[in-house]
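Enquirer: Sequence and predicted structure below; questions after.
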2 protein chains.
Amino acid sequence: MPRPTVNDIAREAGVSLATVDRVLNARPGVRAKTITAVNDAIQKLGYVRDQAAANLARGRDYRMAILLPDTESQFVQTLADALRDASTVAASTRVEVELHRFPAEDMHALSTLMRELADTDLAGIGLMAPETPITRDAIRAVRAKGIAVVTLASDLPNSERDHYVGIDAQAAGRTAGVLMGRFIGNQKAKVMVIANSMQLRDSIERRRGFDEVMLRSFPHISALQTLETHGSPGTLRQVLAEVLSHTPDIAGIYILGSGHRALATALSEFGMLGRVIVIGHELTAHTRKALELGHMDAVITQNLGHLARSALRVLRARADRQPIDESQETLRIEIVIRENLPPSFD
Amino acid sequence: MPRPTVNDIAREAGVSLATVDRVLNARPGVRAKTITAVNDAIQKLGYVRDQAAANLARGRDYRMAILLPDTESQFVQTLADALRDASTVAASTRVEVELHRFPAEDMHALSTLMRELADTDLAGIGLMAPETPITRDAIRAVRAKGIAVVTLASDLPNSERDHYVGIDAQAAGRTAGVLMGRFIGNQKAKVMVIANSMQLRDSIERRRGFDEVMLRSFPHISALQTLETHGSPGTLRQVLAEVLSHTPDIAGIYILGSGHRALATALSEFGMLGRVIVIGHELTAHTRKALELGHMDAVITQNLGHLARSALRVLRARADRQPIDESQETLRIEIVIRENLPPSFD
DNA sequence: GCATTTATGAGGTGCGTACCTCAAAAATTG
DNA sequence: CAATTTTTGAGGTACGCACCTCATAAATGC
């Protein structure tokens, strides 16, 4: 026998199609008793809604906006690419995506942008932004207008966002820490910690996770203070020179942000390339290459393709007031070394 | 403007809906010139066929069969669970899945089963099986009847399967090897290699990858011959006792299959628990627990939820003669340690 | 028990596509 | 050029579901 349809349920439950429809779509005006009868029939027949037909009938479009900081960072670029890819696929399920960039430091600009967007017929917003009172207020405001909000890659746990799509940054930092400790081994040593900036919440949490593991499991290794380079190769080189001259027993470098283009150059200049363990976050074109060349030993990352698809699915589910499949939407903390480098699809 | 529909194409091309339909569905009775005109219009408007509506109109269902060996192995159990989960979700896209088990050693039984299934109106088969001439013939036979075939978790590269869904076992073995080498460090040492059975192709390939890395990158570590335990705790204990008494400098154990329930017990009996590096494959309830307890140091795995969903998507795409999104369907070789253990959803 | 509220039924329309029929137009053949 | 064949158009029905309206039945309040 073919799949049961809404008509079969109506017949089975002894009610009309309209009532079945009211139950299925949680419309008001049905007695609890009737609802139960319908659900029993659904159960009995093993009815599963044909999602495609449902969407077709709804004729509904979903406009989603993705807001990313306007930085040159490889990570944001890669994320944007992944989101663009996911968007073209999502187009076949009536999901339209607009990518917006906002000035990375200007939360007022972000706030204004969100307010403007909220007045169009938007279904949801995906957002990667620093945690400030202004951001939180902006999120509250758009949520109040019934727009779903998910945070991407860097969470804003104290905001009213619907969902966070990304990995636990602190656990990622712990993972980096364990690998650093195990790769370095039992020698007494020091580890440098480098970051482009500590603005986004995830950098702070990674550092916290990293330290936690170092203190607990590798007391013979000490992690130095975070050095911010603000993306400048000059600063990096200078900082590196200074630390290396003062501190001879540097055995590892932990990069809080995504890879550092200039790091390999600077390291080889000081004859340290391949002699220190280098571990960082986020698989991008740069870190991929660094792994291939042996300039980095491990990268802790998340699958950005998955992140992008997941974000759009979650936004859509929230817009439809439908439940989320947690097991599908949970991102894994991935450890990437040269041997398990996933293929790139460019 | 909304998505273009077939009607828009008809208007744009200056032909009727019927003609557009004939072109879209490759029905005869259209001049080459007209076909071109229609295709130009499609191009110009950027039309993308709404596959959901198309399937609805076709009234098409997809019956898929998944064939797994009838072993008690934790891995197969976990895989089966993942497939069941994926199936309930897939039901909403008109995909019905039947799970079949066949006697693990009896390829004739598998072959018979496949022939029987091929005579029902099946759209595709997902299969995990050893590589034998009988398996290959059976695959050829069902493919000849227009049924799509994908291999799951363990590939049959010399068969005519449409697609393989799973990770490259040899690369997974290399990954295990590198971790083993780096975790052990610079000491001269030996590594035991244990397997339940070497029947499935992936065990052999993992071993090959492992050895490759050991020879190339860690010449001071030697990997012993593979010891088959056939799932018996007694055999394991015995084997372990023998090797440990002969060979004092065992620094690591590499488990080719998924975890070994009895390994921790046996190791602690010999006072070796926590003193050797234990690395294995496949994240299951057992290996998860072993990681949590520190009885294993790393597990190389693939996301079985992803694998299951991917398998069904690929089968469906083949049935529709539609292209596959490689980047979405490629599984990653995942390294799992205690710190990045994904949550379990049971 | 009557007025009022609430639940339910009957029936229709449309989403984008597939597939069918029949008639008419256009191209091809002898 | 007539006869034939091929191509095209017009229109309809169906798929499974969402959503709408209006009428009627049932439950509830007083």
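Expert: Alright, I've got the coordinates.

Enquirer: Could you use CA atoms for every contact and neighbour count after this?
Expert: Noted.

Enquirer: Next, please give the residue ranges for the helices of chain A.
Expert: Taking DSSP state H as the test, the helices found in chain A are A:6-13, A:17-24, A:32-45, A:51-58, A:74-90, A:107-118, A:133-144, A:169-184, A:201-217, A:233-246, A:263-269, A:285-293, A:304-319, A:326-329.

Enquirer: Turn the ones you listed into TSV, including mean neighbour count, distance to DNA strand D and mean pLDDT.
Expert: What follows is the helices of chain A, written out as TSV (neighbours: other C-alpha atoms under 10 Å in any protein chain shown; distance: least, C-alpha to the nearest atom of the strand, whole Å; pLDDT from 0 to 100):
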stretch	mean neighbour count	distance to DNA strand D	mean pLDDT
helix A:6-13	19	4	92
helix A:17-24	17	5	92
helix A:32-45	16	10	91
helix A:51-58	14	4	87
helix A:74-90	18	19	91
helix A:107-118	17	21	96
helix A:133-144	18	21	96
helix A:169-184	24	38	97
helix A:201-217	20	38	95
helix A:233-246	14	54	86
helix A:263-269	17	54	86
helix A:285-293	19	43	93
helix A:304-319	22	11	92
helix A:326-329	14	22	90
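
Enquirer: Tell me which of those approaches residue B:94 most closely.
Expert: helix A:51-58 (8.8 Å; C-alpha to C-alpha).

Enquirer: Now do that closest one: everything it contacts.
Expert: B:52, B:53, B:56, B:92, B:93 (C-alpha atoms under 8 Å, 6 or more residues apart in numbering or on different chains).

Enquirer: give me the subset of those touching DNA strand C.
Expert: Filtering the contacts of helix A:51-58 for proximity to DNA strand C by C-alpha under 7 Å from any atom of the strand leaves B:53, B:56.

Enquirer: Determine which two of the contacts of helix A:51-58 are furthest apart.
Expert: It's B:53 and B:92 that sit farthest apart of the contacts of helix A:51-58, by C-alpha to C-alpha, at 13.9 Å.

Enquirer: Tabulate the helices of chain A in a markdown table, adding columns for distance to residue B:268.
Expert: Shown next, in a markdown table, are the helices of chain A (distance: least, C-alpha to C-alpha, whole Å):
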| stretch | distance to residue B:268 |
| --- | --- |
| helix A:6-13 | 59 |
| helix A:17-24 | 56 |
| helix A:32-45 | 50 |
| helix A:51-58 | 53 |
| helix A:74-90 | 45 |
| helix A:107-118 | 57 |
| helix A:133-144 | 52 |
| helix A:169-184 | 22 |
| helix A:201-217 | 22 |
| helix A:233-246 | 43 |
| helix A:263-269 | 44 |
| helix A:285-293 | 37 |
| helix A:304-319 | 40 |
| helix A:326-329 | 34 |
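
Enquirer: Quick check: closest non-adjacent residue to residue A:262.
Expert: residue A:233 (5.6 Å; C-alpha to C-alpha, 6 or more residues apart in numbering or on different chains).

Enquirer: Enumerate every residue touching that neighbour.
Expert: A:261, A:262, A:263 are the contacts of residue A:233 under C-alpha under 8 Å, 6+ apart.

Enquirer: Return the residues of the stretch 151-300 of chain A in contact with chain B.
Expert: A:171, A:172, A:174, A:175, A:178, A:182, A:183, A:185 (C-alpha under 8 Å from any C-alpha of the partner chain).

Enquirer: Name the nearest of the residues you listed relative to DNA strand C.
Expert: Of all those, DNA strand C sits closest to residue A:172, with 43.4 Å by C-alpha to the nearest atom of the strand.

Enquirer: Would you check how far apart that closest one and residue B:267 are?
Expert: As for residue A:172, its distance to residue B:267 is 30 Å (criterion: C-alpha to C-alpha, to the nearest Å).

Enquirer: what sits against the closest residue to residue A:45 other than its chain neighbours?
Expert: Nearest non-adjacent residue to residue A:45, counting by C-alpha to C-alpha, 6+ apart: residue A:4, 6.6 Å away. Contacts for residue A:4 (C-alpha under 8 Å, 6+ apart) come out as A:45, A:46, A:47, A:48.

Enquirer: Now the third one. Its backbone dihedrals?
Expert: Residue A:47 has phi and psi values of phi -70, psi 140 when expressed as degrees, to the nearest 10.

Enquirer: so what's the closest residue in space to it that isn't next to it in sequence scoring on pLDDT?
Expert: Once flanking residues are discounted, residue A:47 sits nearest to residue A:4: 5.6 Å by C-alpha to C-alpha, 6+ apart. As predicted, residue A:4 sits at a pLDDT of 90.

Enquirer: which bits of chain A sit near DNA strand C?
Expert: Within reach of DNA strand C by C-alpha under 7 Å from any atom of the strand, chain A has these residues: A:14-19, A:28-31, A:33-35, A:53, A:56-59.

Enquirer: If we use 10 Å, what do you get?
Expert: For chain A, the contact set with DNA strand C under C-alpha under 10 Å from any atom of the strand comprises A:10-11, A:13-23, A:27-38, A:52-61, A:92, A:94.

Enquirer: and the closest residue to residue A:291 other than its chain neighbours, how many residues sit next to it?
Expert: Counting by C-alpha to C-alpha, 6+ apart, the nearest residue to residue A:291 once its immediate chain neighbours are dropped is residue A:338, at 5.3 Å. The local packing of residue A:338 (other C-alpha atoms under 10 Å in any protein chain shown) involves 20 other residues.

Enquirer: wouldn't residue A:338 be in contact with residue A:290 here?
Expert: No: using C-alpha atoms under 8 Å, residue A:338 is not in contact with residue A:290, being 9.1 Å away.

Enquirer: List the contacts of stretch A:315-335.
Expert: With contact meaning C-alpha under 8 Å, 6+ apart, stretch A:315-335 is reached by A:62, A:64, A:95, A:123-126, A:147-150, A:162, A:165-168, A:172, A:298-303, A:306-307, A:310, A:314, B:305-306, B:334-336, B:340-342, B:345.

Enquirer: The residues you listed in strands, which ones?
Expert: If you go by DSSP state E, the contacts of stretch A:315-335 have A:62, A:64, A:95, A:124-126, A:148-150, A:165, A:298-301, B:334-336 in strands.

Enquirer: Give me the buried subset of the residues you listed.
Expert: Buried members of these, scored by 16 or more other C-alpha atoms under 10 Å in any protein chain shown, are A:62, A:64, A:95, A:124-126, A:148-150, A:165, A:298-301, B:334-336.

Enquirer: Quick one: closest of the helices of chain A to residue B:280.
Expert: Closest approach to residue B:280 among those (C-alpha to C-alpha): helix A:169-184, 17.1 Å.

Enquirer: From residue A:132, how far out is residue A:111?
Expert: According to C-alpha to C-alpha, residue A:111 stands 11 Å off from residue A:132.

Enquirer: what about the closest residue to DNA strand D within chain A, distance to residue A:341?
Expert: As assessed by C-alpha to the nearest atom of the strand, DNA strand D sits closest to residue A:5 within chain A, at 3.2 Å. Per C-alpha to C-alpha, residue A:5 is found 46 Å from residue A:341.

Enquirer: residue contacts, the closest residue to chain B within the stretch 101-250 of chain A?
Expert: Going by C-alpha to the nearest C-alpha, chain B is nearest to residue A:175 of the stretch 101-250 of chain A, at 5.2 Å. Listed by C-alpha under 8 Å, 6+ apart, the contact set of residue A:175 reads A:210, A:300, B:337, B:339, B:340.

Enquirer: these two touch, right, the third one and residue B:301?
Expert: The reference is to residue B:337. No: in this structure, residue B:337 is not within contact of residue B:301 by C-alpha under 8 Å, at 10.8 Å.
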